[in-house]
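Enquirer: Need a 3D model of the following:
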Amino acid sequence: MRFQVVILAAGQGKRMHSDLPKVLHTLAGRPLIAHVVAAARAIAAEQICVVYGHGGDQVKAALSGKDLAYALQAPQLGTGHALQQALPRLTKAPVTLVLYGDVPLVRAATLQTLLDAAAEGVAVLTADLDDPSGYGRILRNKAGRMTGIVEQNDATAAQRRIHEINTGIMTLPTARLGRWLPKLQNSNTQHEYYLTDVIALAIKDRVPVVGIKAADNSEIQGVNSRAQLAQLERAYQWQQAAQLLDQGVTLVDPLRFDMRGALRCGRDVHIDVNCVFEGDIELADGVSIGANCVLKDVTIGPGTRIEPFSHLDGAEIGAKCRIGPYARLRPGTRLATEVHIGNFVEIKASEIGASSKANHLSYVGDSTVGRNVNIGAGTITCNYDGANKHRTVIEDDVHIGSDVQLVAPVRVARGATVGAGTTVWKDTPSGGLIINARTQEHRPDWQRPRKPARK
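Expert: Modelled structure (predicted):
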């Protein structure tokens with residue numbers, strides 16, 4: 001079936017108390033509307049037309065793709081008025097699916113079910129809520145067929161007791177919109193043009209109307225306040241955690257877990273509390289992630305252990321490595337097997353060979369480090385001259401003592417030992433000891449500076 005999507009995203013979101021358009025507030029690290037666009041793309045929409053209003057330039061800047069079109073709604077006079085603004089941008093696809101930029105958790109599978117039910121008629125996504133306050137109610141006849149939708153402010157007392165609500169998500173026959181939308185009236189308490197009024201027009205034209213109930217009510221929840229956004233964030237994170245648990249991943253506490261990207265896990269993966277996963281992450285068999293870690297765009301090999309409070313960004317980590325605690329791996333880091341990166345060590349744009357170690361308080365940047373290298377505490381690669389970055393090369397079996405400065409560009413040859421406190425500013429021979437030729441002195445008459453006595 002050919003179809004297109006219209007996303008209504010013009011609202012300001014006054015209850016958010018923010019200068020940011022409501023649909024650009026983030027859930028799981030992405031703007032609300034980005035989740036809706038992703039769902040539309042997952043079901044292969046022919047075109048996605050975004051109806052924008054407040055913060056239009058910001059909304060456009062947050063989205064990209066050749067499948068996107070835009071329509072301005074100014075002023076905002078209701079959902080029916082919003083779809084009127086989209087009419088000139090619609091394609092000839094026979095079905096138009098209406099979504100909302102502030103309803104981020106709607107699933108592609110649910111939308112596909114709605115499309116399958118639409119045929120040549122109208123399909124409305126509904127839900128049963130214990131507390132339907134604020135929603136339009138679904139009206140049905142004794143046979144159970146939909147006869148209309150009434151907004152809460154216009155509903156009678158009896159109608160307000162109905163628990164089946166309109167989510168606003170619906171499919172409509174594109175060819176009929178040009179006739180139906182101009183007939184909408186704003187003779188209601190809000191003086192707005194309701195899209196829901198097309199249901200009565202469809203029934204009058206003997207167009208079939210069906211209501212499809214959502215399987216999970218969280219996917220139809222909209223965001224109108226910070227509290228609702230926080231509730232949806234937890235709902236989303238619980239969904240992600242539940243999927244991982246079903247796959248056999250150990251989550252010490254699923255309620256203290258945050259996914260802001262895509263996480264693929266092998267067997268026997270263990271994740272402790274308060275970890276954040278961003279971007280594209282892959283954890284191989286037997287990986288263990290300690291508490292309070294942040295991982296972004298990382299691949300980790302089998303049997304590697306990430307200790308607590310480590311921050312990994314854009315790194316490729318081999319098998320059986322030990323990282324942290326309090327380690328930072330920055331973009332361009334590539335670690336071979338059995339590498340140890342310890343506490344308060346930072347690695348950036350560097351390759352570290354198998355079985356090499358930097359266990360304490362060091363910075364390694366723009367470097368190539370060989371196999372079986374030991375980097376002592378306080379070692380720094382001085383890779384930046386104020387204008388350009390330069391590379392440090394440390395060959396296999398090098399031992400670097402504590403408090404060493406390696407002034408790039410420089411090469412430490414295979415098997416060399418660099419003594420503690422040495423500044424290496426030129427290439428070294430292989431083997432032997434590298435030290436700076438300075439002797440230790442004792443000055444017996446020297447006096448330590450003292451603070452002036454208080455008056």
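
Enquirer: the bottom helix or strand of this structure by mean pLDDT?
Expert: Least confident element among the helices and strands of the chain, by mean pLDDT, DSSP states H and E: strand 146-150 (a mean of 89).

Enquirer: which parts of it are buried?
Expert: 146, 148-150 (16 or more other Cβ atoms under 10 Å). No exception for glycine: its C-beta is placed from N, CA and C like everyone else's.

Enquirer: Quick check: of those, which lies closest to residue 444?
Expert: Of all these, residue 444 sits closest to residue 149, with 94.8 Å by Cβ to Cβ.

Enquirer: now the closest one: how far from residue 201?
Expert: Separation of residue 149 from residue 201 (Cβ to Cβ, to the nearest Å) stands at 12 Å.

Enquirer: repeat for residue 292
Expert: Residue 292 sits 56 Å away from residue 201, taking Cβ to Cβ as the criterion.

Enquirer: Ok, residue 160 next?
Expert: Applying Cβ to Cβ, the value for residue 160 to residue 201 is 24 Å.

Enquirer: Confirm residue 159 sits in a strand?
Expert: No: if the criterion is DSSP: H, G, I helix; E, B strand; the rest coil, then residue 159 is helix and not within a strand.

Enquirer: For the buried residues of strand 146-150, give me CSV that also has distance to residue 341.
Expert: Shown next, in CSV, are these (distance: Cβ to Cβ, whole Å):
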residue, distance to residue 341
146, 61
148, 64
149, 59
150, 63
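
Enquirer: average pLDDT for the host helix or strand of residue 316?
Expert: Assigned by DSSP states H and E, residue 316 belongs to strand 315-317. Across strand 315-317, the average pLDDT comes to 98.

Enquirer: The following helix or strand past that strand pairs with which strands, and in what direction?
Expert: Counting by DSSP H and E, the next helix or strand C-terminal to strand 315-317 is strand 322-323. The strands that strand 322-323 pairs with in its sheet are strand 305-306 (parallel), strand 340-343 (parallel) (by DSSP bridges).

Enquirer: Could I get the buried residue list for the host helix or strand of residue 198?
Expert: Using DSSP H and E, residue 198 maps to helix 198-204. The neighbour-count check on helix 198-204 (16+ other Cβ under 10 Å) flags 198-203 as buried.

Enquirer: Stretch 351-369: end-to-end distance?
Expert: In stretch 351-369, first residue to last residue: 6 Å (Cα to Cα, to the nearest Å).

Enquirer: Kindly report the same for stretch 140-156.
Expert: Using Cα to Cα, one end of stretch 140-156 lies 15 Å from the other.

Enquirer: contacts for that stretch?
Expert: Here stretch 140-156 makes contact (Cβ atoms under 8 Å, 6 or more residues apart in numbering) with 124, 132-139, 159-160, 164, 166, 188-190, 194, 196-197, 199-200, 203, 209-211.

Enquirer: Just the CA atoms of the helix holding residue 198, as CSV, please.
Expert: The C-alpha trace of helix 198-204 is given here as CSV (Å, rounded to 0.1, in the frame of the first residue of the first chain):
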residue,chain,number,x,y,z
VAL,A,198,-13.7,14.3,9.8
ILE,A,199,-15.0,11.0,11.3
ALA,A,200,-18.6,12.3,11.2
LEU,A,201,-18.0,13.4,7.6
ALA,A,202,-16.6,10.0,6.7
ILE,A,203,-19.6,8.3,8.2
LYS,A,204,-21.9,10.6,6.4
